[in-house]
Each structure stands twice: as C-alpha cells, then as structure tokens.
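Asker: after the sequence you'll find the predicted model.
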Amino acid sequence: MAHENVRRGAERIRGELLKLAIHVSKRTVQKYMRRARSPRPTGQQWATFLQNYSRQIWACDFLQTCDVLFRPIFAFFIVALES
C-alpha cells in the first residue's frame with residue numbers, strides 16, 4: 001500500500017489492516033514503510049549551492065583581542081567566498 005500510494009500515511013495503512021483483522025502498531029507500519037518507499041530526491045547539494053552562488057555570498061566576523069599592553073583591539077573581517 002505504501003508503494004502504490006505515496007500519500008497514505010502509517011495511520012491510514014494501519015486502519016486498513018485493522019479492517020482485515022490484522023493488529024499492528026503504527027510504529028511497525030512505519031518501520032516497513034521505510035523499506036517499501038524509495039527515498040525522496042533531496043534538493044540541491046551543498047557543494048552545488050556554493051558553486052552556483054559563491055559570487056554573491058559574503059562572510060563577516062567581528063572579534064576582540066588585546067595587544068601587548070592589554071589594550072583592546074577590535075577587528076572586523078569581510079570575506080568574499082568567491083576568493
């Protein structure tokens with residue numbers, strides 16, 4: 001049932017099995033549904049995303065450090081991911 005109709009969930013399949021006098025838990029149905037259904041195609045991979053949008057992505061960081069005389073020094077970095 002899970003393979004034939006993707007929209008049927010575990011609870012609906014469990015209900016159909018109960019009509020046939022087969023008593024199983026929802027968790028058991030979910031376990032076997034994972035095997036019956038093929039994995040959904042995932043979206044874009046992270047490496048592909050970076051290749052496509054690296055020219056438009058910038059990263060920034062702000063940090064505070066101290067010099068030899070313990071005076072605060074503030075640094076702000078902006079990096080283009082393209083470089």
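Answerer: That came through fine.

Asker: helices or strands up against the helix or strand bottoming out on mean pLDDT in the chain?
Answerer: Each helix and strand of the chain was given a mean pLDDT (mean pLDDT, DSSP states H and E); the minimum falls on helix 26-36 at a mean of 81. Under the contact criterion of 3 or more CB pairs under 8 Å, 6 or more residues apart in numbering; DSSP states H and E, helix 26-36 touches helix 10-19. (Glycine included, C-beta is placed from N, CA and C.)

Asker: just the local confidence number for the spatially most distant residue from the centre of the chain, please.
Answerer: For the chain, the C-alpha farthest from the mean C-alpha position belongs to residue 69; by CA atoms, centre = their mean, that distance is 46.8 Å. The pLDDT attached to residue 69 in the predicted structure is 93.

Asker: hmm, back to that, helix 10-19 and the least confident helix or strand of the chain, what's the angle between them?
Answerer: If you take axes from the mean of the first three to the mean of the last three CA atoms, to 10 degrees, helix 26-36 sits at 110 degrees to helix 10-19.

Asker: chain center to helix 26-36: distance?
Answerer: On the basis of CA atoms, centre = their mean, to the nearest Å, helix 26-36 sits 21 Å off its chain's mean C-alpha point.

Asker: list the buried residues of it.
Answerer: 29, 33 (16 or more other CB atoms under 10 Å).

Asker: next: stretch 65-81.
Answerer: Along stretch 65-81, not one residue counts as buried under the neighbour rule (16+ other CB under 10 Å).

Asker: can you give me the end-to-end distance of it?
Answerer: Length of stretch 65-81, first residue to last, CA to CA, to the nearest Å: 24 Å.

Asker: what's in contact with that stretch?
Answerer: Outside of stretch 65-81, the residues within contact range by CB atoms under 8 Å, 6 or more residues apart in numbering are 50, 54, 55, 57, 58, 59, 60, 61, 62, 63, 64.

Asker: one more time with 10 Å, if that's ok
Answerer: Among residues not part of stretch 65-81, those counted as contacts by CB atoms under 10 Å, 6 or more residues apart in numbering are 50, 53-64.
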